[in-house]
Structures are given as structure tokens and as C-alpha cells.
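Asks: Got a sequence here, can you model it:
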Amino acid sequence: MGLLSGLLGGNLGGKQLVAKVTTMDADLESIPIVPDWTGRDLFDLVCRIIGLREFWFFGLQYENKKNISCWLQMDKKISKQDVPKGVDGHLHFLFLVKFYPEDVEEELIQDLTRHLFFVQIKQAILTQDLYCSAEAAVLLASYGVQAIHGDCAEDAPVDVAKYLPANVTSQYDMTVDMWQERIRRWWTHNAGQSREDAEMEYLRVAQDLEMYGIQYYPIQNKKETDLQLGVSAQGIGIYKGANRITPRPFFSWSEIRNISFKNKQFNMKTVDKSTISFQAKDHSINMSILELCIGTHNLYLRRRQPDILEVQQMKAQAKEERIRKQDEQNRLQKEREERMQAETERNQLRNDMQTLNEQLHLAQEQARKSDENATIFSTKARTAEDEIKELLKRAEDAEKETQRMKITYLQCDGMRRMMEEEIREKELAMQRMSMSIGDMSMQNWQQPRQATHFASQAMMGQENGWMMHNGNQPMSNSHHDVMSNTSSADEEREAARQWDELQRAQRSASTQPMLVHTPQIMPNSTPPFRSSNSYDSTTTAAPATATATTPATATTPTTSSNDSTAPTPPLPSQQSPFSLKHLPPVGPPPPDPSAFDVGNLPNEIAQLKNTLDKSKLDYNNRTKHFKATLQEFRTELEGLKREERVTELDRAHAANLGRDRGDTLRMPRSKSVSSLDSSDHEWYWCVSASGSMQRRIATFEGL
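Replies: As a prediction, this is how the structure comes out:
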């Protein structure tokens, strides 16, 4: 109460009323009202309490006794206005936006003003007072969650009911999770935006909605046809039926000369001196309509005049504040990028360290395997050395046996030659003896038989004696010869037997396999020995066999050798660190200052011109990107739409696709009123909103 007393100047005497003012952010409870206060006194007090300087956009709204929303008149006492008391005995007011700007980015100066606009428009969309298509609602929801929760996080809550209107969610065959997924998809595109930037983007999108900034009041023309009067920053439109999107007709403020109220009837005069008359359906809202039209028209004229000093000062302060915030945001963005770069480098180093650890582990494993292989190879080498020694010993023994057999062979050969010589000599002797015996037989056979019978006995005796004498000699000789022949045959058989044994020994020495363990020798190793004798043909087979079997056993060291010579990934110091400087530039390059003909303008003006042009180019690029992405999303949602839930506003919006808000208000007429049949009258909202002044007036009067 002390603060309010100070704001009220201490004048709290007399009968007092108590007001409760609800803003979009908070409630101002128990504001004492002096009986002679006007609406402006209470309005100024509320503006001072909340710290609002752009007060010309706002007003105090209340519900009269007929439950019709009315604006509190500024120049009239509060006690004289039809403001009912609530159950608690207080006067209840809503602090709302009353007049809308044509361009929110250019006209809204304070952050508080922008925030109040943001909250009110968001609430109007949720309550379906402001029509919004599904694709635009999802896009606006993404900016809304960015403004409230900041950058998108996996566990960040997305309450669909707080960001999407019920008519949108019920019109499509989609679950809550599907809506959340699409909001998150767009939400991720807003990363890095501050709350102020997100709210401004929200308002930029919202001001392109067909019903944005239009306040509707029920009226009647001279034919007492129920119509809707739509008052906006661009002008006044007349709407019929449930269609509040396309006016029929529309009059811009530049075409309106004056609006007056007399005898419960409004008269709107145009620049061509024509008059349009209509009356409110309920007379309690007459002054609200009149004040709204006058205030909106005054703001329309004010925008086209130089700013007053207060506004210039506010814009200068707001510009300095924006520059300071922009610098702060740039600094934070730079720090964020540096932190991201540092985190990226840290992750890169961590990955490199992990890679090096894996390589070290592999190297240690290979070293362990190499040690095991070396141990195995050393064991095999010792075994091979022992086998080689055994082979050398066997080879030496075989050499000695070969030499002994050679000596035996030479001895046998000498004996064979001697025996052959003896045999030849004995054969010659036998031949000589045979010849001598034959000669003697022939001589005895050829002696004449001249002995007589008388001498036959004597001769017979002599002959027997001679025969006995001579017969012993040949018989003894023959016996000697037989014995000699027998001994010679035995010697020949003995020699033949020894010769056969010698031949068998030679064949056994040349063909007997070496039943030894073949040593495993490296392929590039040389044989341990090389002999020049007949054993070479048997001993050289072992190295060949070892060579053939060696590659299978030498696989492990060969693989290790290949692994050791394989290219290894570069160390972290050899790799170029990740840097955002190497990324492609985002967005169009800044305009060349030399392209502008600044002449003798000061440098500050030239820089301001460059900044404005750059901002305009950036805005155009963002607008093109926004339209493209919105069209893609619209196409995606078309397949999930429930046709039975389509309303007349949806049809009107679909008919106006491809046109901006200004084109919708000024859409030319394709048919005259007289040429329309009953079906055409049903859809007349899609044909006429513009044309000549007389034709539009005739259209209004013919409704």
C-alpha cells in the first residue's frame, strides 16, 4: 500500500474503489481507485507499476453486465462506466494489447512490450481466437519452447496442450508423441537463440497469420444483415458468417477520411466523399468500437510521421541495449564455439588416446606372441641343431661304412681277378692235359695187332702190366684234376657270394631311407653341411622338405613383420585440430561497402546503411528458407488430415495459400454481386474484397 500511495500521490481520501488488474504475466491485486479517476489514471498507474513505456499499444479491457468485452474509456471516469464488481467486490480489468503494429520488428522497442505481445498472441492461438494452420502452429510452438526452455534437450518437456490449439491436434490423425517429435524437429533448428530472439521470431511468424491484429465486433448494415466488423492496423474489413479470414469488402486507412458515431449509428466517410453506415449489434460496445477505430487510425498516421523525441530516445536506448546484448551474445556464442571446439578437440584427443591405447595393446599382444614364437623358434632351433648333429654323426658313420665297403669291394675285386687268373691258368692246364691224353689214346689205338696167339698171353700180361702202370698215372692225374676243379668251383662260388654281398651292400647304402626327424629351417637359411659323396642325394632332401614345410610354421613371424610395417594412424600432434574456421561460411557474405554510393555521408551513416542492407538481405534469406520448409511440412501433414474435421476457416485458409496477408485483404473481385447465384453467395468470401470504392460500398450494402 505504501508503494501505491506514493504512485497515487497520497490522494486516497473519499470513497474508494478497489481494482484488480491482470496482466499476461502477473496479477496486480487491490489497487485503490479514487472516485474521480478516469480510465487513463488507472492505466498510467498500471504502466508505472510494471515499468512499461510503450503504453500506446495497450488498454484495459473488462466485461460489462451483458458479458461483452469492452475497452475502458480513457477520458471518462471509471465510476461512470459500466464496469461491474466481481464477487470479491473488486473491479476486474485485463491489461491487454489494444492496438497492433504493422511491423513488430520495427515498432516494438522494449523487451517488456515484445514479451507481452508474445504471451497474448500465444494465448489467443491456444484459445482459437486467432486462427492458425497446423504447420504454422508447430513452427510457432518450436519458437515458444525455445523462448521458455532454451535450447532443445532430450529430456526437455514438451506439453503439446500448452503450445498447440485443440482444433489442430484433433484435425489430424496423429498421436501426442508424433506432435512432440515434430515440435522437437523444428526446435533443434532454433539452437543458440536467446529468449528475446525466439519471441521476436514467434511474432514475425504470427503477424503473417490472416487473423493477426484484427478485433471483431458484431454489426449490422442497413439490411440488418449480421456481419462482423474487423478493425486492424491496415484498415477496416467487413466479414460475413463464420469466415473471419477474407474480408468482403476491405477499406484501408488511407481510403477512410472520418469515422463518427451519431444516433446509435456509425458513419464512415471515404476520401471520395462516400458514406458507409452501420450500427453495432449491441449498443454497449459503441464507444469501444469508436475509440478503437480512432486510436488505430491515429497510430496509422503516426507511423508515417517522424518519431517524437520520447520515441527517438527509447529507440536509441533500445538500440544501445540491443548492441550490448548482441555483443554479449556474440561473446557467448564465441565462447560457446570455443568450448565446442575444445570439447571436439578433447573428444578427438580422447579418441586418439583410445586408438593409441588399442594400438599399444595390440603391439604388446604382438610382442607377447613374438616372444612366444621366439621361444618356440629357439626350442625348434635347438631341436634342429640336435637333429643336425645326429644327421652329421649318421652321415659320418655312413661315410665310414661306405669307405669300408669300398675297401671290401676292392679286396673282393682283387680276389676275383686272382681267381679268374687261376681259373684261366687251370683251364689252360686242363686243355693241355686233355690234348696229351688224346694223343696218347690215339697212339695206343693205332698199334698193329701183330701178336700171335702164343704171345697174346704174354703180351696180354705185359699189356695188363703196362696198362696197370700207365693206367694209374692217368687216374691219379684225373683225380688230381677233379680235386683241382672242385676247389676252383668252391672258390668261384665264394667269390660270387662275396660279389653278391658287395652289390647288396651298395644298393642298401644308396637306397636305405633316413628315418630321422626333419628339422624346420627358415626358408632363407642355408643347409648346415654339403657333402660331395653319394650321400648328397639323400641329405639334400631334408632341407628341401624343411623348406617346403617352413612357410606354414613361419606364418606368425611373417604376419608380425607385415603388421609392423603397416601404416599406422597419425598421432594427435600430426593431425590437424578441429576448428570452426575450416567450416564453410553460413549465410550470404556481407555486402561490399564499395557497392554503395555514399558520397560525402559520414562514416557512421554509411555503416548504418550497410548494416540495414545486410539485415534486409538476411531477413529475405530467412523468409525464403522459412517458406520452403513450411511448404515441405504442409505437404507432410496433408496425408494425415481428417477431412471430416475441416472447418470453414480451414477452407478459407486453403483458398488463400500462396498469398500474403496484404494480398488477402486486397484480393480483387472476380464476379459482380448481381451475377452470383445462391451457391456463389455461400462462397462469396473467396471472390471479393477489393475493387473500386463504389463497388465495395455496393458490395457492403448488398450483403
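Asks: Check the secondary structure at Met268 for me.
Replies: strand (DSSP: H, G, I helix; E, B strand; the rest coil).
Asks: tell me the pLDDT at it?
Replies: Met268 carries a pLDDT value of 91.
Asks: wait, it sits on Thr275?
Replies: Yes: taking Cβ atoms under 8 Å as the definition, Met268 is a contact partner of Thr275 at 7.0 Å. C-betas here are computed from N, CA, C, even on glycine.
Asks: So the two - more neighbours on which side?
Replies: Neighbours around Met268 and Thr275, counted as other Cβ atoms under 10 Å, are more numerous at Met268. The numbers are 20 against 12.
Asks: Skipping adjacent residues, who's closest to the more buried one in space?
Replies: Spatial nearest neighbour of Met268, excluding adjacent residues (Cβ to Cβ, 6 or more residues apart in numbering): Ile276 at 4.5 Å.
Asks: just checking, that neighbour is part of a strand?
Replies: Yes: per three-state DSSP, Ile276 lies within a strand segment.
Asks: how about it, what does it touch?
Replies: Each residue near Ile276 by Cβ atoms under 8 Å, 6 or more residues apart in numbering is listed here: 251, 267-270, 697, 700.
Asks: and if we set it to 7 Å?
Replies: Neighbour list for Ile276: 268, 697, 700 [criterion: Cβ atoms under 7 Å, 6 or more residues apart in numbering].
Asks: what's the answer for Glu421, then?
Replies: Per Cβ under 7 Å, 6+ apart, neighbours of Glu421: none.
Asks: What distance do you get for it to Val87?
Replies: For Glu421, the distance to Val87 equals 162 Å [Cβ to Cβ, to the nearest Å].
Asks: Same check on Lys66?
Replies: 18 Å.
Asks: Give me the more crowded residue out of these two.
Replies: Using other Cβ under 10 Å as the criterion, Lys66 and Val87 rank with Lys66 on top: 11 against 6.
Asks: Find the nearest non-adjacent residue to Phe93, please.
Replies: Leu60 (4.4 Å).
Asks: Helix, strand, or coil at the one you found?
Replies: Secondary structure assignment for Leu60 (three-state DSSP): strand.
Asks: So it is in contact with His92, correct?
Replies: No: applying Cβ atoms under 7 Å as the test, Leu60 and His92 come out as separate, 10.1 Å apart.
Asks: give me the beta-bridge partners of the residue nearest to Phe93?
Replies: Phe95 (DSSP bridges).
Asks: tell me the contacts of it?
Replies: For Leu60, the contact set (Cβ under 7 Å, 6+ apart) comprises 39, 42-43, 72, 93, 95.
Asks: Which ones among those lie within strands?
Replies: With DSSP state E as the criterion, strands contain 93, 95 from among the contacts of Leu60.
Asks: quick one: which of the contacts of Leu60 is nearest to Glu372?
Replies: Set against Glu372, the nearest of these by Cβ to Cβ is Phe95 (85.2 Å).
Asks: What score does the closest one have for pLDDT?
Replies: Looking at Phe95, its pLDDT reads 95.
Asks: What is the neighbour count of it?
Replies: Counted with other Cβ under 10 Å, Phe95 comes out at 25.
Asks: ok, now the one 4 residues further on?
Replies: When neighbours are defined as other Cβ under 10 Å, Phe99 has 19 of them.
Asks: Thr699 too?
Replies: Burial of Thr699 is recorded as 21 neighbouring residues (other Cβ under 10 Å).
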